[in-house]
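A.B. asks: Quick one, what's the 3D model for this:
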Amino acid sequence: MARAQGIDRVTGQSLPVKIAILLVVIAGLGGAYYYLFYDDMASDKTKLEAQKQKLIKQEQDLQKRKSDYQVLLQQKKDVEGRLQSNAVKLPESSELPAFYQHLETQAAAANVAINHSSTDKEIPVETYVKVPVKVEVQGDFYQLNKFFKLLADTPRIISVENLSIGEPKRDGDRVVLTAKFVAATFRQADKAAPAEKK
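C.D. replies: Below is the predicted model:
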């Protein structure tokens with residue numbers, strides 16, 4: 001009944017009063033909506049925007065770290081390649097069987113005969129050790145030249161020392177030379193044993 005009287009009062013008002021009442025009701029509903037729903041959604045939106053910015057920054061940092069990691073990984077591969085190459089040039093041990101095999105392979109490639117080879121005493125030189133091998137080979141001038149070139153082109157460090165070439169001897173239609181030299185290869189020095197604790 002009171003509700004019906006309230007509606008009759010409103011319907012009996014002039015148009016400007018009805019519009020004013022309508023505006024007051026709309027403002028009240030808008031205020032209630034703002035305080036009950038919109039304010040919470042706006043603060044949630046602000047929090048989500050801040051979280052989004054934080055996640056974007058984290059993603060950028062992770063992308064940068066990933067690219068830095070790729071650079072470091074490539075540097076590691078390069079260093080490992082250089083270390084492996086250096087291990088061939090200057091191995092940790094003298095690896096004499098492999099060295100003799102290498103001499104024989106190069107001699108066969110140059111068509112040179114190895115008459116004699118023997119290991120001499122190792123000589124420490126600064127931070128590495130020199131491993132001398134006395135060698136005597138036989139072949140013509142061009143074969144010996146090719147043999148020494150093949151030794152020079154090998155990845156392992158080899159020096160030819162005390163080279164002497166004997167008198168030429170005729171063998172049918174060719175002249176044979178005998179070359180005596182020291183083929184010195186190198187290895188890393190033995191690591192010093194850690195000092196004993198008292």
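
A.B. asks: centre of the chain versus whatever helix or strand residue 46 lives in, how much separation?
C.D. replies: With the criterion set as DSSP states H and E, the secondary-structure element containing residue 46 is helix 39-89. A distance of 17 Å separates the centroid of the chain from that of helix 39-89, by Cα atoms, centre = their mean, to the nearest Å.

A.B. asks: Outside of the following helix or strand past it itself, list whatever touches it.
C.D. replies: Scanning forward in sequence from helix 39-89, with DSSP H and E defining helices and strands, the next element found is helix 96-110. In this structure, residues lying in contact with helix 96-110 by Cβ atoms under 8 Å, 6 or more residues apart in numbering are 113-114, 117, 119, 131, 133, 135, 137, 139, 143-144, 146-147, 150-151, 154, 156, 183, 185. Where C-beta positions appear, they are placed from N, C-alpha and C, glycine not excepted.

A.B. asks: and the helix holding residue 46, what's its mean pLDDT?
C.D. replies: Helix 39-89 shows a mean pLDDT of 81.

A.B. asks: do stretch 171-184 as well
C.D. replies: The average pLDDT for stretch 171-184 rounds to 88.

A.B. asks: again with stretch 138-151
C.D. replies: The predicted model gives stretch 138-151 an average pLDDT of 91.

A.B. asks: Over to stretch 188-198?
C.D. replies: Stretch 188-198 carries an average pLDDT of 57.

A.B. asks: before we move on, back to that, give me the buried subset of the contacts of helix 96-110.
C.D. replies: Those of those that meet the buried threshold are 114, 117, 131, 133, 135, 137, 139, 143-144, 146-147, 150-151, 156, 183, 185, by 16 or more other Cβ atoms under 10 Å.

A.B. asks: Narrow those residues to those in strands?
C.D. replies: Among those, DSSP state E puts 114, 117, 131, 133, 135, 137, 139, 183, 185 in strands.
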